[in-house]
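Q: Only the shape, not the letters, is given here:
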């Protein structure tokens, strides 16, 4: 594939980069199973993409090392009223092309996120209007009180208004519509690193921004990211010193990595839940062999499919113990999780599942295609292969279609699959983030953006919507529990497990483990 150029730093920025080379330079050679999807910071809510774009583009508010909120491009915020928040902006900040950061960039960027086809509307879902007070002050006018506004804003990254206007990038790239745009191949942020070049599925290179307003605690001057889809090849690259670091070591290779003298694992659990989505919308399921019917619209069928999944077997055999079997759609470190919700909604029971299918009118089952990414989650295709066999065992004759994430995610966004495997991390560490994106019916305000099965439950929607404005903690927690329980009891999705996701690296690397699977190179030292 031909090299795709990205933002070219100005002469000033290049001079700064050259000066930075006078210090002890360190390159972080990073490998991962899948590539980023775009360079547009508002086009895709995709973890690998976020992991790199958060180095380039910054929000008003960010997470510190302990996931506590701290100032970023805003230095102070005040709740003027429950529906008006004032943000005082950091002065003296420059974009990578040397342009000054001002309130105009914040108004432009947040409005851009709020406007379709943005895929990041969850970060601004409560904002009605963004108002400039002066060059370094903005007010956010909200639709209603929002108890997690600041946590949502950690995902709202700021672009340069003048750069976007100059390059016809005012509108977010329409990724689902397969659009290419200037902002999808070029960048201009304020972050700690500058994107220098990107060859999709080959290599992404970032260079240290020595003019960054903040001070790095590590010594990384360059990041070279290489997507390596094959698990065996990825491990071999680490062991043979072709790469230094990866966040997705295959479970089957982790003991080998531990026993390699030059390598180490940094243990941790990700806040990501792997689940199966089901088409509960179409009146007739394509290819099912059930004319005029969609079996998965019947809760008995969905329950049977749930009962057919041996999650403990997947945990032991497919994941080799590197997972936590899931009963709910959020991981244990996410607000809203409870031990009660984590219990299975129905026990694993093959014969019971067959009986339920017969009761629902499908004694001979039906045909189903399961779609799955093959380069995104730990052992994603292997999980799908196992599920295919499990569903076939109860009479649902399941075929598997596994594709790279870049193609797969578009199909989920467009609600194309009949059934699919997906994973969801929780940027806000609050269950609303999952409920709104995955369970809420699709809507113009950004709800249901990854509701690939087109779940549409008005009572459940009402509970999710109420979570967005309820400020009484006890009432909000009760609502959250009810919403998660409703989703669970209706078998709208099938939670499989929460990922345990240690990072593998050379012993000379010191970094901070992140439950959101987004390493921070500015906090990383390469010895």
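A: On my side now, so go ahead. Not measured: the values here are computed from a predicted model.
Q: all strands for the stretch 151-300 of the chain, in order.
A: Secondary structure of the stretch 151-300 of the chain (DSSP state E, counting those that start in this stretch): strands at 193-199, 203-208, 222-227, 245-246, 263-266, 269-278.
Q: Show me what the longest helix anywhere in the chain is packed against.
A: Counting residues, the longest helix found in the chain (DSSP state H) is helix 473-489. If contacts are counted by 3 or more CB pairs under 8 Å, 6 or more residues apart in numbering; DSSP states H and E, helix 473-489 sits against helix 339-342, helix 458-467. Every C-beta, even on glycine, is put in place using the N, C-alpha and C of the backbone.
Q: Give me whichever of those is most buried.
A: Across these, averaging neighbours per residue (mean count of other CB atoms under 10 Å) puts helix 458-467 on top, at a mean of 18.
Q: Rounded mean pLDDT for it, please.
A: The average pLDDT within helix 458-467 is 96.
Q: relative to helix 473-489, how tilted is it?
A: Per axes from the mean of the first three to the mean of the last three CA atoms, to 10 degrees, the angle that helix 458-467 makes with helix 473-489 is 150 degrees.
Q: who touches helix 458-467?
A: For helix 458-467, contacts defined as CB atoms under 8 Å, 6 or more residues apart in numbering pick out 432, 435-436, 439-441, 447, 476, 479-480, 482-483, 486-487, 490.
Q: cutoff 7 Å now
A: When contacts are defined by CB atoms under 7 Å, 6 or more residues apart in numbering, helix 458-467 is touched by residues 432, 435-436, 439-441, 476, 479-480, 482-483, 486-487.
Q: Return the members of those classed as buried.
A: Neighbour-count burial within the contacts of helix 458-467 applies to 432, 435, 436, 439, 440, 441, 476, 479, 480, 483, 486, 487; the criterion is 16 or more other CB atoms under 10 Å.
Q: Need the max-distance pair from those residues.
A: 441 and 476 (20.8 Å; CB to CB).
Q: number of nearby residues for residue 368?
A: Neighbourhood size, residue 368 [other CB atoms under 10 Å]: 23.
Q: follow-up on the earlier one: and residue 44, which of the helices and strands packed on helix 473-489 is closest to it?
A: Across the helices and strands packed on helix 473-489, closest to residue 44 is helix 458-467 (CB to CB), at 22.5 Å.
Q: next one: that closest one to chain centre, how far?
A: Remark: helix 458-467 is offset 23 Å from the chain centroid, using CA atoms, centre = their mean, to the nearest Å.
Q: Same check on stretch 161-176?
A: Relative to its parent chain, stretch 161-176 has a centroid offset of 22 Å by CA atoms, centre = their mean.
Q: do the same with stretch 447-455
A: With CA atoms, centre = their mean as the basis, stretch 447-455 stands 15 Å off its chain's centre.
Q: try stretch 153-163
A: Distance, centroid of stretch 153-163 to centroid of chain: 18 Å (CA atoms, centre = their mean).
Q: where in the protein is pLDDT low?
A: The model of the chain has pLDDT under 70 over residues 1-23, 444-445.
Q: and if we set it to 90?
A: The model of the chain has pLDDT under 90 over residues 1-25, 268-269, 443-447, 501.
Q: ranges for the helices of the stretch 401-527 of the chain?
A: For the stretch 401-527 of the chain, the helices defined by DSSP state H, counting those that start in this stretch occupy 405-413, 432-434, 458-467, 473-489.
Q: Let me fix that, I meant to ask about the stretch 101-250 of the chain.
A: Applying DSSP H, counting those that start in this stretch to the stretch 101-250 of the chain gives helices spanning 103-114, 149-153, 161-166, 231-239.
Q: possible to save these as a markdown table with distance to residue 57 and mean neighbour count?
A: Shown next, in a markdown table, are the helices of the stretch 101-250 of the chain (distance: least, CB to CB, whole Å; neighbours: other CB atoms under 10 Å):
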| stretch | distance to residue 57 | mean neighbour count |
| --- | --- | --- |
| helix 103-114 | 9 | 22 |
| helix 149-153 | 13 | 22 |
| helix 161-166 | 12 | 17 |
| helix 231-239 | 27 | 18 |
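Q: and of those, who's closest to residue 64?
A: Going by CB to CB, the one of these nearest residue 64 is helix 149-153, 12.7 Å.
Q: Next, the residues that contact the closest one from outside, please.
A: Residues outside helix 149-153 that contact it (CB under 7 Å, 6+ apart) are 59, 60, 61, 69, 85, 122, 123, 126, 428, 429, 430.
Q: Phi first, then psi, for residue 89.
A: Main-chain dihedrals, residue 89, degrees, to the nearest 10: phi -90, psi 150.
Q: Next up, the contacts around the closest residue to it other than its chain neighbours.
A: Computed as CB to CB, 6 or more residues apart in numbering, the closest residue to residue 89 that is not its neighbour in sequence is residue 136, at 4.3 Å. Residues in contact with residue 136 (CB under 7 Å, 6+ apart) are 88, 89, 91, 102, 103.
Q: what's the most distant pair in those residues?
A: 88 and 102 (12.5 Å).
Q: Show me which residues of stretch 301-313 are buried.
A: Within stretch 301-313, the residues scored as buried using 16+ other CB under 10 Å are 301, 302, 303, 304, 305, 306, 307, 308, 309, 310, 311.
Q: what's the closest of those residues to residue 142?
A: residue 302 (36.3 Å).
Q: Quick check: phi and psi on the closest one?
A: According to degrees, to the nearest 10, residue 302 has phi -60, psi -40.
Q: can you check residue 32 too?
A: Here is the backbone geometry of residue 32 (degrees, to the nearest 10): phi -150, psi 160.
Q: Quick check, it in contact with residue 227.
A: Yes. Here residue 32 reaches residue 227: they are 5.8 Å apart, a contact under CB atoms under 7 Å.
Q: Between those two, which has more neighbouring residues?
A: Taking neighbours as other CB under 10 Å, residue 32 and residue 227 compare with residue 32 leading, 24 against 21.
Q: thinking again about what came up before, out of the helices and strands packed on helix 473-489, which comes closest to residue 166?
A: The nearest among the helices and strands packed on helix 473-489, by CB to CB, is helix 458-467 at 38.6 Å.
Q: show me the contacts for residue 342.
A: Contacts here follow CB under 7 Å, 6+ apart; on that basis residue 342 touches 327, 328.
Q: Residue 78: neighbour count?
A: The tally of other residues near residue 78 (other CB under 10 Å) stands at 10.
Q: what about residue 227, distance to residue 351?
A: 43 Å (CB to CB, to the nearest Å).
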